[in-house]
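S.K.: coords please:
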Amino acid sequence: MNVLCLAIDRLHAGYVGAYGNTWVETPNLDRLACRSLLLENALIDSPDLERLYRSYWQGRHALCPEVPAEAGQSLATLFRQAGFTTALLSDEPLVARHPGATDFDELVEIDPPWQPETTGRIDQTHFSRCFERIIDRVASFRNQFLLWCHLGGLGTTWDAPPEFRRAYQEPGDPPPPDGAEVPDRTLSPDFDPDELLGISQSYAGQVSALDACLGAFLDFFDGLPAADETVLAVFSCRGLPMGEHRRVGPCDEALYGELAHVPWLLKFPDGAGAALRSGALAEPADLWASLLDCCGIEDAPDSPSAESVLYLMRGKGVWTKDRLCIAGPGGARAIRTPAWFLRAAAPPELYAKPDDYWEVNDVASLCPEVTECLLDALGQYEQTLAAGRVSDLPPLSDILVNGLE
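M.R.: You can find the predicted model right below:
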């Protein structure tokens, strides 16, 4: 068994066909989804990459207290002890310098584009360079391997050839912007809709370029003998706001769905889980548990919150997670249940799920009891993480799980 993780930072779930998008062409992500377990409600636990990667690599939620390195063996260490060759490929310095990066046998760094500019051909794009390096490394493995690849291009440069963004221009639309720099600002209340349209078209073009590069990689990967023995995980570390709540780009990393709700696909050998869509709540630490589970690595340390999503394919009952909690910058917090999403802001904001997909209608004033109960549940969750496992928490009430009748 091998493991290949493609962590695509800043991929917005609303721009992927398999997640309901109808105007951006993502045929290769969609064909991968047809062969994968697709998690419809995967959320990050923090937009901070250091804390997020602690969840991915140590199975410890972003709200967990720090522990000594020896007390929380990392994913790379556990795989290496099981006889795997481990490698990390990253174009993000923050990931390459993460404390957990030293646990990999090998680190391959790809220089990010410091001066973004559009290219003339797709094979000149940053994504193309990244996937070329991934293909070279995958082809060179001779033993069982864990290869983790962090691709940050969607958040650093929109360098796809201009025709990719122009493909989304309708008759009568103004031309999309020319530059490759990723916008990062809050729109004014009276912003020009045409400006936002051009930004959205530019991002859509970059997603299409990513999809084309992913397609070339999948064609290569499918031809490998090791493909039938490899778990392929493709997921986003963080979304990228595209005008929802008047934010474009990272901005203040406000805890809304466009940032926190991310695509997550898991392709298993032998077609296991193919075309299975699950609405179960899942978080980054669950990936840690899932990869260890599918490779039969059983001597991992206990995790306060992680659960293997392979449980969803085994048909052994109801998924245990009834809440996810997110830690944002400056002490910001949010909690998601199957029926609600609450931002612990001042004042709190409450949104009904799954209908209000992108948090448009704040109903906190209409549901004060739900708001108060979720704030209490959020506090209990954080306190429990500091002392034990969240599975020790009592189940949430029916109204928090199933909503109002």
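
S.K.: any weak-confidence spans in this structure?
M.R.: Flagging of the chain using pLDDT under 70 yields the residue ranges 68-72, 315-318.

S.K.: so what are the domain limits for it?
M.R.: What automatic domain parsing lists as the domains of the chain is 2-314, 324-402.

S.K.: which residues of the stretch 1-150 of the chain fall in helices?
M.R.: 27-34, 49-58, 75-81, 93-96, 126-140 (DSSP state H, counting those that start in this stretch).

S.K.: so of those, which one's packed in deepest?
M.R.: For the helices of the stretch 1-150 of the chain, average neighbour numbers computed from mean count of other CB atoms under 10 Å are highest in helix 49-58, which has a mean of 23. From N, CA and C alone the C-beta is placed, and that goes for glycine too.

S.K.: any figure for the gap between the nearest residue to residue 42 once chain neighbours are set aside and residue 13?
M.R.: Among residues not flanking residue 42 along the chain, residue 264 sits closest, at 3.8 Å (CB to CB, 6 or more residues apart in numbering). The gap separating residue 264 from residue 13 is 9 Å, by CB to CB, to the nearest Å.

S.K.: ok, the most far-flung residue of the chain relative to its centre to residue 22 distance?
M.R.: The C-alpha centroid of the chain is most remote from residue 172, which lies 34.9 Å away (CA atoms, centre = their mean). Distance, residue 172 to residue 22, by CB to CB: 20 Å.

S.K.: could you do residue 67 as well?
M.R.: 45 Å.

S.K.: the more surrounded of these two?
M.R.: Applying other CB atoms under 10 Å to residue 67 and residue 22 shows that residue 67 carries more neighbours, namely 12 against 5.

S.K.: tell me if I'm right that that one and residue 60 touch.
M.R.: Yes: between residue 67 and residue 60 a contact is recorded at 7.2 Å, counting by CB atoms under 8 Å.

S.K.: before we move on, back to that, save the helices of the stretch 1-150 of the chain as a markdown table, and put in distance to residue 201 too.
M.R.: A markdown table is the format used below for the helices of the stretch 1-150 of the chain (distance: least, CB to CB, whole Å):
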| stretch | distance to residue 201 |
| --- | --- |
| helix 27-34 | 18 |
| helix 49-58 | 28 |
| helix 75-81 | 38 |
| helix 93-96 | 29 |
| helix 126-140 | 18 |
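
S.K.: of these, which is nearest residue 106?
M.R.: Residue 106 lies closest to helix 126-140 among the helices of the stretch 1-150 of the chain, at 8.4 Å (CB to CB).

S.K.: what sits up against the closest one?
M.R.: Contact with helix 126-140 is made by 4, 6, 87, 89, 91, 108, 110, 112-113, 122, 147, 149, 151, 153, 156-157, 159, 209-210, 213-214, 216-217, 220-221, 224, 226, as judged by CB atoms under 8 Å, 6 or more residues apart in numbering.

S.K.: need the CA coordinates for that helix. PDB is fine.
M.R.: This file holds the C-alpha atoms of helix 126-140, laid out as PDB (Å, rounded to 0.1, in the frame of the first residue of the first chain):
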ATOM      1  CA  HIS A 126       3.400  27.100 -11.800                       C
ATOM      2  CA  PHE A 127       1.000  24.200 -11.400                       C
ATOM      3  CA  SER A 128       2.500  22.500 -14.400                       C
ATOM      4  CA  ARG A 129       6.000  22.800 -12.800                       C
ATOM      5  CA  CYS A 130       4.600  21.400  -9.600                       C
ATOM      6  CA  PHE A 131       3.000  18.400 -11.200                       C
ATOM      7  CA  GLU A 132       6.100  17.700 -13.200                       C
ATOM      8  CA  ARG A 133       8.000  17.400 -10.000                       C
ATOM      9  CA  ILE A 134       5.300  15.200  -8.500                       C
ATOM     10  CA  ILE A 135       5.400  12.900 -11.500                       C
ATOM     11  CA  ASP A 136       9.200  12.600 -11.300                       C
ATOM     12  CA  ARG A 137       9.100  11.800  -7.600                       C
ATOM     13  CA  VAL A 138       6.300   9.200  -7.900                       C
ATOM     14  CA  ALA A 139       8.100   7.500 -10.800                       C
ATOM     15  CA  SER A 140      11.300   7.200  -8.700                       C
END
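
S.K.: quick one: the helices in the stretch 251-400 of the chain, in order.
M.R.: Taking DSSP H, counting those that start in this stretch, the helices of the stretch 251-400 of the chain run over residues 257-260, 284-294, 311-314, 368-387, 398-402.

S.K.: as a markdown table, the ones you listed with mean neighbour count and distance to residue 328 would be great.
M.R.: Compiled in a markdown table, the helices of the stretch 251-400 of the chain are given as follows (neighbours: other CB atoms under 10 Å; distance: least, CB to CB, whole Å):
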| stretch | mean neighbour count | distance to residue 328 |
| --- | --- | --- |
| helix 257-260 | 25 | 9 |
| helix 284-294 | 24 | 15 |
| helix 311-314 | 16 | 27 |
| helix 368-387 | 16 | 12 |
| helix 398-402 | 15 | 21 |
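
S.K.: can you tell which of these is closest to residue 325?
M.R.: Of all these, helix 368-387 sits nearest to residue 325, with 4.8 Å by CB to CB.

S.K.: tell me what the closest one is packed against?
M.R.: In terms of contacts (3 or more CB pairs under 8 Å, 6 or more residues apart in numbering; DSSP states H and E), helix 368-387 is packed against strand 324-327, strand 333-336, strand 340-343, strand 349-352, helix 398-402.

S.K.: export the ones you listed as JSON lines, with columns for distance to residue 196.
M.R.: Converted to JSON lines, the helices and strands packed on helix 368-387 look like this (distance: least, CB to CB, whole Å):
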{"stretch": "strand 324-327", "distance to residue 196": "26"}
{"stretch": "strand 333-336", "distance to residue 196": "24"}
{"stretch": "strand 340-343", "distance to residue 196": "22"}
{"stretch": "strand 349-352", "distance to residue 196": "22"}
{"stretch": "helix 398-402", "distance to residue 196": "35"}
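
S.K.: of all those, which one is nearest residue 77?
M.R.: Closest to residue 77 of those, according to CB to CB: strand 324-327, at 24.7 Å.

S.K.: what's near enough to touch the most centrally placed residue in the chain?
M.R.: Ranked by distance to the mean C-alpha position of the chain (CA atoms, centre = their mean), the top residue is residue 236 at 2.7 Å. Going by CB under 8 Å, 6+ apart, residue 236 touches 7, 8, 9, 10, 11, 12, 13, 262, 263, 264.

S.K.: cool, thanks, talk later.
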